[in-house]
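Q: sequence? don't have it. structure:
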């Protein structure tokens, strides 16, 4: 479950240096994980870590309602950008395991990792992650192979680097709505709803195709 030493040094060094200012609104890239309608007028991006207690709280108290109200109805596209905060090793292991479970189960696994955080106080985190992996279709051998995958480790490290260096994000959870950073991060479903409603209004009415001549 250990990240390579270079990756841990990269994470620590990056957090110790003030990040550059955002050059542009963050972009959704091919290796980011998303939910919802790709053609939705509103794009919500969350930078989060599965090892971050604040992210777990936000996921339970705000995002669960947000997904039902906005993502499941096709009005919003949601993207999670992975960061290795709180505990880089645990966060990397959790994200790698979620990806190994497959795109269809990725967000389910992330939710279950968040929900398992209160059980981490014993310090025995690997058995808890393995339990989640088994419940989501990964055998013990697949789980161990997943955490030992050097290519997957390099991928999660690179996504962390991009968040810090390219996007200038240094804390989790951090939320952007149509490129605008929400500061502070919404603390309630009502605050999130207000941000989405404002973004929908700013985006304007949905485009309606022109009527064909003679059509009624």
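A: Yes, it's here. The structure displayed is predicted, hence computed values, not measured ones.

Q: Excluding sequence neighbours, find me the nearest residue to residue 85.
A: Closest residue in space to residue 85, ignoring its immediate chain neighbours: residue 49 at 3.8 Å, by C-beta to C-beta, 6 or more residues apart in numbering. The C-beta positions use only the backbone N, C-alpha and C, and glycine is treated the same way.

Q: Kindly list the main-chain dihedrals of that neighbour?
A: phi -130, psi 130 (degrees, to the nearest 10).

Q: for it, what are its contacts?
A: Listed by C-beta atoms under 8 Å, 6 or more residues apart in numbering, the contact partners of residue 49 are 55, 82, 83, 84, 85, 86, 91, 172.

Q: Redo those as TSV? Include secondary structure, pLDDT and neighbour count.
A: Formatted as TSV, the contacts of residue 49 follow (DSSP: H, G, I helix; E, B strand; the rest coil; pLDDT from 0 to 100; neighbours: other C-beta atoms under 10 Å):
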residue	secondary structure	pLDDT	neighbour count
55	helix	98	27
82	strand	98	28
83	coil	98	31
84	coil	98	32
85	coil	97	24
86	coil	95	17
91	helix	98	26
172	coil	98	25
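
Q: tell me the centre residue of this protein?
A: The residue lying closest to the centre of the chain (C-alpha atoms, centre = their mean) is residue 80, at 2.3 Å.

Q: Tell me what that one is bridged to.
A: Per DSSP bridges, the residues bridged to residue 80 are residue 33, residue 46.

Q: Pretty sure it sits against residue 109.
A: No. Counting by C-beta atoms under 8 Å, residue 80 sits too far from residue 109 to count as a contact (11.6 Å).

Q: just the helices in the protein please.
A: With helices called from DSSP state H, the chain shows them at 5-16, 53-58, 64-66, 88-100, 106-116, 126-135, 140-147, 150-161, 189-203.

Q: Nearest to residue 39, out of the ones you listed?
A: Between residue 39 and these, the shortest gap by C-beta to C-beta is with helix 189-203, which sits at 11.9 Å.

Q: Check what contacts the closest one and list those residues.
A: By C-beta under 8 Å, 6+ apart, the list of residues contacting helix 189-203 from outside reads 41-42, 44, 61-62, 65-66, 69-70, 75-76, 177-178, 180, 182, 186.
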